[in-house]
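# Please find the sequence and the predicted model below.
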Amino acid sequence: MGLEMEPMAAAIGVSVPVLRFLLCFAATIPTGLLWRVVPSATGRHLYAGLSGAALSYLSFGATSNLLFVGPMAFGYLAMLLCRRRAGLVTFLGAFGFLIACHVYYMSGDAWKEGGIDATGALMVLTLKVISCAMNYSDGLLKEEEGLRDAQKKYRLTKVPSLVEYFGYCLCCGSHFAGPVYEMKDYLEWTERKGIWASSTPSPLLPTLRALVQAGICMGLYLYLSAMFPLSRFSEPLYYEWGFWHRLFFQYMSGFTARWKYYFIWSVSEAAVIISGLGFTGWSDSSPPKAKWDRAKNVDILGVELAGSAAQLPLNWNIQVSTWLRYYVYERLIQKGRKPGFLQLLGTQTVSAIWHGLYPGYTIFFVQSALMINGSKVIYRWQQAVSNSGLHTILTLLNCAYTMMVLNYSCIGFQVLSLEETLASFKSVYYVGTIVPILCVLLGYVIKPARSAKPKARKAE
């Protein structure tokens, strides 16, 4: 089979393992469509789990499913044996297992060289088993104990059956690349309860839209990656350029890399929409329109035209950002206290470890925490000025700041190694690190009066 796939892989410029993954990944769309005709809830649970396991086998080999058994079994046993601490125990155990796999497989190096393994799917699975265990622990708490909205909405009062858990963990539509979803939503979808109790709207047009978006994103990535190759950072030519040329290349390198992720998430979106899981109800408009927010993992324009760095987590890897907010950020906030930089840094650190142990990941997420805090300072200045011209200047400044620091920071996410990351930062005189630090420090010196726009500040 590998020999038969070599000409096709060569034609599109990828390795045979990546081509095999892409074919199995694309197969999640018809597989999701077929889910709709499975006759019973138990049948749909089994179909979801078995189809995900089958596609994993075809994409990564038999060992991939053995890899998934570890965190799945650990999380389920934690729910059975120590319900009150199941969330914390599963968090530590599942993340520990994921870290061990990151160390053993070193997937980042394989991805850079055109290879692929099951670590990406394991990353998605890790978040699923942790949220399920945490929600089961939350089921012991009473509403008067100060539960947050997410805890009230998603807590589980009884442990899922093995069949339900199996389907939830390996459901093929989101198994490879997300989006992450909640056990409670999965159960209602599979059992056709809640918003799925009555007939749901046709998924055809939103699925086609997601597929067209995927095609455009892949086309742009293939076109731009040839013009701005990542290998240029290690070539002497790059260091012969002037400062502005190097900064521009960094900007375009980060911009180019994002289109690959936009493609992956657009395909996932199509698979989750066509299965029906992506449906989240109806809008308040007249006439009402169907919403498919559960399938959405990225808002491309929201990222590329972000008015501030604080908007990026709301538009990039949306479901993982939501997971981090519910299960890390909000749970690090002590009752009666406001969140601050430490909660943000803790959340970004968990995100970095989840992605892998490469120094480039850690540097990127520490940079992200700095970037967001610096952007918040500029935003406070925006809200404080009454002059419309100055407000417009600060708005544009915040947008430019966000894009510059983001694309500078994400070089570490791409090259991964400490040496290459610091070399790329040094080549532009660490401008993307110094500017956020200066903004944060200036925020202590230039303290604007409190704005009369509390709603806008809260949204930011």
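Looks like it arrived, so ask away. Just so we're clear, the structure is a prediction, and the values are computed from it rather than from any experiment. Residues are numbered from 1 along each chain as shown.
# Please report the distance of Gly108 from Gly356.
Counting by Cβ to Cβ, to the nearest Å, the separation of Gly108 from Gly356 is 6 Å. The way it works is simple: take the backbone N, C-alpha and C, and place the C-beta from them, glycine included.
# Common neighbours of the two, please.
Taking Cβ atoms under 8 Å, 6 or more residues apart in numbering as the criterion, Gly108 and Gly356 both touch Leu416.
# How about His391, nearest residue that isn't a chain neighbour?
In space, and not counting its chain neighbours, His391 is closest to Val385: 5.1 Å by Cβ to Cβ, 6 or more residues apart in numbering.
# Ignore what I typed, I meant Thr349.
Thr349's closest residue in space is Phe365 (Cβ to Cβ, 6+ apart), at 6.7 Å.
# Three-state assignment for that neighbour, please.
helix (DSSP: H, G, I helix; E, B strand; the rest coil).
# Spit out the contact partners of it.
Phe365 neighbours (Cβ under 8 Å, 6+ apart): Gln348, Thr349, Ser351, Ala352, His355.
# which residues touch the second one?
When contacts are counted by Cβ under 8 Å, 6+ apart, Thr349 touches Thr362, Phe365, Val366.
# Pick the one among these closest to Asn315.
Checking those against Asn315 with Cβ to Cβ, the nearest one is Phe365 at 16.9 Å.
# Thought Tyr221 was touching Gly13, still the case?
No. At 10.9 Å, Gly13 does not count as touching Tyr221 under the criterion of Cβ atoms under 8 Å.
# Compare the two and say which one has the larger neighbour count.
The residue with more neighbours, out of Gly13 and Tyr221, is Tyr221; 18 against 11, by other Cβ atoms under 10 Å.
# The more buried one should be in a helix, yeah?
Yes. Under three-state DSSP, Tyr221 falls within a helix.
# any idea how far it is from Ser424?
20 Å.
# Repeat that for Val212.
Distance, Val212 to Ser424, using Cβ to Cβ: 34 Å.
# and what of Tyr327?
In terms of Cβ to Cβ, Tyr327 sits 33 Å off from Ser424.
# neighbour-wise, which of those two wins?
Ser424 (23 against 19).
# for that one, what are its contacts?
Phe233, Gln250, Ile411, Gly412, Val415.
# Now distance to Arg85 too, for these, in TSV please.
Formatted as TSV, those follow (distance: Cβ to Cβ, whole Å):
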residue	distance to Arg85
Phe233	45
Gln250	45
Ile411	40
Gly412	35
Val415	39
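# Tell me the buried residues within those.
The neighbour count (16 or more other Cβ atoms under 10 Å) marks Phe233, Gln250, Ile411, Gly412, Val415 as buried among those.
# Show me what counts as buried in the host helix or strand of Val405.
Here Val405 sits within helix 388-415, counting by DSSP states H and E. Of the residues in helix 388-415, 394, 398-399, 401-415 count as buried by neighbour count, 16+ other Cβ under 10 Å.
# so where do the helices sit in the stretch 251-400 of the chain?
300-304, 312-315, 318-324, 330-332, 341-355, 359-384, 388-415 (DSSP state H, counting those that start in this stretch).
# looking at those helices, which is closest to Glu240?
helix 388-415 (18.2 Å).
# which secondary structure elements does the closest one contact?
If you count contacts as 3 or more Cβ pairs under 8 Å, 6 or more residues apart in numbering; DSSP states H and E, helix 388-415 packs onto helix 243-275, helix 359-384, helix 418-427, helix 431-445.
# packing partners for the helix or strand harbouring Phe25?
Phe25 belongs to helix 16-35 when assigned by DSSP H and E. On a contact count with 3+ Cβ pairs under 8 Å, 6+ apart, helix 16-35 meets helix 2-12, helix 41-60, helix 172-175, helix 243-275.
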